[in-house]
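Visitor: Generate a structure from the sequence data that follows.
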Amino acid sequence: MTTYNFSAGPAVMPQPVIQQIQAELPSFQGSGMSIMELSHRSALFDQVINDAEADLRDLMQIPDNYRVLFFQGGGTLQFTAAPLNLATNHHHIGLLDSGHWASRAAEEAQRVHTQVDILGTGATNQFTALPYPDQPVNQALDYVHLTTNNTIEGTTYTKLPDTGNVPLVADMSSNFLGQPYNVQDFGMIFAGAQKNLGPAGLTIVIVRDDLIGHAKDLPSMLDYQLFADKRSMFNTPPVFAIYAAGLVLKWLKAQGGLTVMAKRNHDKAALLYDFLDQSTLFNNPVKPADRSLMNVPFVTGNPAIDARVIAGATDHNLLNLKGHRLVGGMRASLYNAMPKAGVQALVDYLADFEAIYKKENA
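Guide: Okay, the predicted model is just below:
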């Protein structure tokens, strides 16, 4: 029986990529050295990182006046790095509170003495619908922070908020490359790789040239201008993670790019949402217009039944369906590498479970 991994991250990767890694691992490009042994100063790795940047620029149509940086520390480190680098005029940012990770971003910005204005919050509806600014955005803000996809709550911004001339900084960690966005709508985009791009250990930062280089006396490992000047190699970068991400980028291009992937992701998500919407046992609480293509939370309303569902799913090789510890229930993450067959297998299992449950309780 095929195993399907619905983990929210680290998450499923394309099988052809895993197979290529396996084949190349002992000797990268016939060098006699594994990619894990390769110097980041070597010509071989130069090709790896240059190809990865070129393919990412191609897939996302990144303009020349944006820098692509390869960081470590996960998306969470950028909650600190972004205000240190970009909130240099007034040390004052806006933020849309769309869930747990947006709240974490606010907390980290405040730790480095940045004032955070909450421009809208989803707390009043238990984060089942997305917030937008309650009033016109203060144009004196250094930037506005937005979490484009809320991994825990299962919501996604497809319509961006109007921030006027204030740059929009987007945490795209969980829908990066899962659907197209216009890079020029943002001052900066960042994303941890471990959800839709590759293994944990790599974070992508895409930042507009004119926004960096204004901060003084930053810690070197948080300095966007320094990383831009050093081509992301101020110190040893996460060589293996960049290599693996580069393979995923080539796989995405071979699939037809982000428009094709977005259509596939829509079809996969619709298959699961359609089942949940007609079910009398399972429920997805999110406002339909705000539903995520990547992360689908659902519940029965009874934690004991939820536990039975998860245990049975594991027995059917449908893995990592347990919801986030903060909200419970179940969650299916449908990233690019999840095949439609995996979603169909999940729907079939949930339908069978519901039928059995109804008979038991008739």
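
Visitor: can you pull out the strands in the chain?
Guide: For the chain, the strands defined by DSSP state E cover 4-5, 66-71, 92-97, 115-121, 144-147, 149-150, 155-156, 168-171, 188-192, 203-208, 295-298, 318-319, 330-333.

Visitor: from the chain's centre, how far out does the second one sit?
Guide: What it means is strand 66-71. Distance of strand 66-71 from the chain centroid (C-alpha atoms, centre = their mean, to the nearest Å) equals 16 Å.

Visitor: do the same with the fourth one
Guide: Its chain's C-alpha centre and that of strand 115-121 lie 22 Å apart, by C-alpha atoms, centre = their mean.

Visitor: Stretch 233-246 now?
Guide: Distance of stretch 233-246 from the chain centroid (C-alpha atoms, centre = their mean) equals 18 Å.

Visitor: Give the buried residues for that stretch.
Guide: Neighbour-count burial for stretch 233-246, with 16 or more other C-beta atoms under 10 Å as criterion, is recorded at 237-246. The way it works is simple: take the backbone N, C-alpha and C, and place the C-beta from them, glycine included.

Visitor: circling back: can you put the strands of the chain in a markdown table and add mean neighbour count and mean pLDDT?
Guide: A markdown table is the format used below for the strands of the chain (neighbours: other C-beta atoms under 10 Å; pLDDT from 0 to 100):
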| stretch | mean neighbour count | mean pLDDT |
| --- | --- | --- |
| strand 4-5 | 20 | 98 |
| strand 66-71 | 22 | 98 |
| strand 92-97 | 22 | 98 |
| strand 115-121 | 18 | 98 |
| strand 144-147 | 26 | 98 |
| strand 149-150 | 28 | 98 |
| strand 155-156 | 25 | 98 |
| strand 168-171 | 26 | 98 |
| strand 188-192 | 26 | 98 |
| strand 203-208 | 24 | 98 |
| strand 295-298 | 26 | 98 |
| strand 318-319 | 20 | 98 |
| strand 330-333 | 25 | 98 |
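
Visitor: Columns distance to residue 104 on top of the ones you listed, output as JSON lines?
Guide: As requested, those are arranged in JSON lines below (distance: least, C-beta to C-beta, whole Å):
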{"stretch": "strand 4-5", "distance to residue 104": "25"}
{"stretch": "strand 66-71", "distance to residue 104": "17"}
{"stretch": "strand 92-97", "distance to residue 104": "11"}
{"stretch": "strand 115-121", "distance to residue 104": "12"}
{"stretch": "strand 144-147", "distance to residue 104": "9"}
{"stretch": "strand 149-150", "distance to residue 104": "12"}
{"stretch": "strand 155-156", "distance to residue 104": "16"}
{"stretch": "strand 168-171", "distance to residue 104": "10"}
{"stretch": "strand 188-192", "distance to residue 104": "13"}
{"stretch": "strand 203-208", "distance to residue 104": "15"}
{"stretch": "strand 295-298", "distance to residue 104": "16"}
{"stretch": "strand 318-319", "distance to residue 104": "26"}
{"stretch": "strand 330-333", "distance to residue 104": "18"}
